[in-house]
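*Asks:* Need the 3D shape of this:
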Amino acid sequence: MTNNNIYFWLEAEQPAAPQAPTSDPLSAGQAGQIPPQEPPQQPAPGDDPSAGAQPDPDDVTQDPQSMEEPKAEEQSFEEWKHNFLEMAIKADNEELVYMLNAVRDRELEVSQRRFVEDNIQVFMFRRDANVLKASKEFRNLLKQDLDRTNPGTTVMQHLTQVLDANPLLYQGLIKLSGTFAWKADLHRKWIAAFLGAVQVGGGATNKDIQICEKEFDINLSTRFATQFGEINIGKWSLIESDPKEYLKPDEQESLQEGSPEEKQVLRRKIIVKSIGETYRKRAFCVHVVSTDGTVYSLGWDLGNSILEAYKAGKVVVRGRENEDKEIMIGDDGEIIPVIDYSILFVRETGEVDDNGRPETEEVPFIERRDSTLYLVADMEVLKMASSGMSGMFFHQVPYGGNPAEILQLQRSIPGLYELISKQVV
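*Replies:* Numbers count the residues shown, from 1 in each chain. Next up is the predicted model:
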């Protein structure tokens, strides 16, 4: 039967290259459905001297009722999932595939089914020899060197180090840039395979993938785009308890009764602390692939990064009028405009003022719109921010092959006919 896996769909005719790997990490040969288990061959009666022997009626091992059911059937799904995440610490690919296969045919809820099918895709893709080799190298680097304060930065540093050693693996990202609406989901599976991680989410406000280790877990959100300036970070809003959570008692009093300047400073402090704490335990792995084939990688520990940058004066908070002119109406009929917020990066212009001090300007970095945060910084701002802010790692790799091949890679994705109408035999 033909393999019918999403990575088979991403297969493209690779341009000839002297350093090409022996197998394409997005090829069908490594990424099909889980192969069925072949039953053991029974010896022919003529070859088996015990073929005609009668079974011992006292031998309970021959009684079907005494045989234990597979362990996966005895467990609840949550028990099985706990054991699966424990096994993921070892990152034994074949053992994880076996465990997924053991529960795949059970009656599962929608979220449970998605967890199983998502990770079947991840670990079947990881079976590719090139992907598995890169994944093992990455995990060895991570065990030797991990900044637990900024794990997302460390993860992207090690991942790019491994991919830089085999640049052809970057072609997978160029292919994904042609998948449009699929690209976010395929990208998180692509990253999870290289990291030996488990997919636990689907791109919303919560974590997407999890690297499991004995003493710690690394929670990551993945993002993929074809240009800078509109990368969805996730939901965030101020809530009623935030002032009490992030301000000292005297600051809470000043927020109510202080001068306009004091109130403004305290409001900004609440906003930055609320964002920082919301994202403190989750890092971001972001890839942007431009039309010329350049791959940009961003590892970002958003929570720690924003908090440290605000303390150092490298970012500032500004309120702004809601783009849709939203309002609230108070109990007394007062019309209250809804205010959105921007976090601006403070960069030096290269000029000096009359006192000889460097002049600075505030440029867009993060915006809140419709209760959602967006990374709106352009490439140059991100490069500058990563060199001046902790918890950010920025890396770019230009396409090293023939520019004419880029379009071929981007168009290697099948059309609607191949997805729906083509018969599988």
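
*Asks:* Can you tell me how far E308 is from T372?
*Replies:* For E308, the distance to T372 (C-beta to C-beta, to the nearest Å) stands at 23 Å. Glycine gets a C-beta too; all of them are placed from N, C-alpha and C.

*Asks:* For those two, indicate the residue with more neighbours.
*Replies:* E308 (18 against 14; other C-beta atoms under 10 Å).

*Asks:* need the contact list for the more buried one.
*Replies:* By C-beta atoms under 8 Å, 6 or more residues apart in numbering, the contact set of E308 is 389-391.

*Asks:* how about the helices in the stretch 1-150 of the chain?
*Replies:* Using DSSP state H, counting those that start in this stretch, the helices of the stretch 1-150 of the chain run over residues 6-9, 71-74, 77-87, 93-103, 110-125, 129-144.

*Asks:* The ones you listed into CSV, with extra columns for mean pLDDT, distance to V346 and mean neighbour count?
*Replies:* Shown next, in CSV, are those (pLDDT from 0 to 100; distance: least, C-beta to C-beta, whole Å; neighbours: other C-beta atoms under 10 Å):
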stretch, mean pLDDT, distance to V346, mean neighbour count
helix 6-9, 44, 43, 20
helix 71-74, 55, 55, 13
helix 77-87, 96, 41, 15
helix 93-103, 96, 46, 18
helix 110-125, 96, 40, 19
helix 129-144, 96, 33, 17
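
*Asks:* got the contact list for stretch 90-109?
*Replies:* Where contact means C-beta under 8 Å, 6+ apart, the residues beyond stretch 90-109 that reach it are 34, 70, 72-73, 77, 80, 83-84, 87-88, 116-117, 119-120, 123-124, 126-127, 132, 135-136, 139, 196.

*Asks:* swap the cut-off to 6 Å and go again
*Replies:* 34, 72, 80, 84, 87, 116, 119-120, 123, 126, 196 (C-beta atoms under 6 Å, 6 or more residues apart in numbering).

*Asks:* same deal with stretch 391-411?
*Replies:* Contacts to stretch 391-411, defined as C-beta under 6 Å, 6+ apart, come from residues 12, 15, 150, 153, 156-157, 160, 167, 171, 174-175, 177-178, 293-301, 304-305, 382-383, 385-386.

*Asks:* so how far is that stretch off the chain centroid?
*Replies:* Offset of stretch 391-411 from its chain centre (C-alpha atoms, centre = their mean, to the nearest Å): 19 Å.

*Asks:* Just the CA trace of it, in CSV.
*Replies:* The C-alpha coordinates for stretch 391-411 follow below in CSV (Å, rounded to 0.1, in the frame of the first residue of the first chain):
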residue,chain,number,x,y,z
GLY,A,391,16.5,35.8,26.3
MET,A,392,16.7,36.3,22.6
PHE,A,393,18.7,34.5,19.9
PHE,A,394,18.5,35.5,16.2
HIS,A,395,20.1,33.6,13.4
GLN,A,396,19.8,33.7,9.6
VAL,A,397,21.0,31.3,6.9
PRO,A,398,20.8,32.3,3.2
TYR,A,399,19.9,29.7,0.7
GLY,A,400,23.1,28.1,-0.6
GLY,A,401,21.9,26.5,-3.8
ASN,A,402,20.8,27.7,-7.2
PRO,A,403,18.1,30.5,-6.7
ALA,A,404,16.1,28.9,-9.5
GLU,A,405,15.5,25.8,-7.2
ILE,A,406,13.7,27.8,-4.6
LEU,A,407,10.5,28.1,-6.5
GLN,A,408,10.6,24.4,-7.3
LEU,A,409,10.9,23.6,-3.6
GLN,A,410,8.0,26.0,-2.7
ARG,A,411,5.8,24.4,-5.3
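
*Asks:* Show me which positions of that stretch end up buried.
*Replies:* Neighbour counts over stretch 391-411 (16 or more other C-beta atoms under 10 Å) mark 391-395, 397, 399, 401, 405-406, 408-410 as buried.

*Asks:* Dump the helices of the stretch 1-150 of the chain into JSON lines; add distance to D340 as well.
*Replies:* Output for the helices of the stretch 1-150 of the chain, formatted as JSON lines (distance: least, C-beta to C-beta, whole Å):
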{"stretch": "helix 6-9", "distance to D340": "37"}
{"stretch": "helix 71-74", "distance to D340": "49"}
{"stretch": "helix 77-87", "distance to D340": "38"}
{"stretch": "helix 93-103", "distance to D340": "43"}
{"stretch": "helix 110-125", "distance to D340": "32"}
{"stretch": "helix 129-144", "distance to D340": "38"}
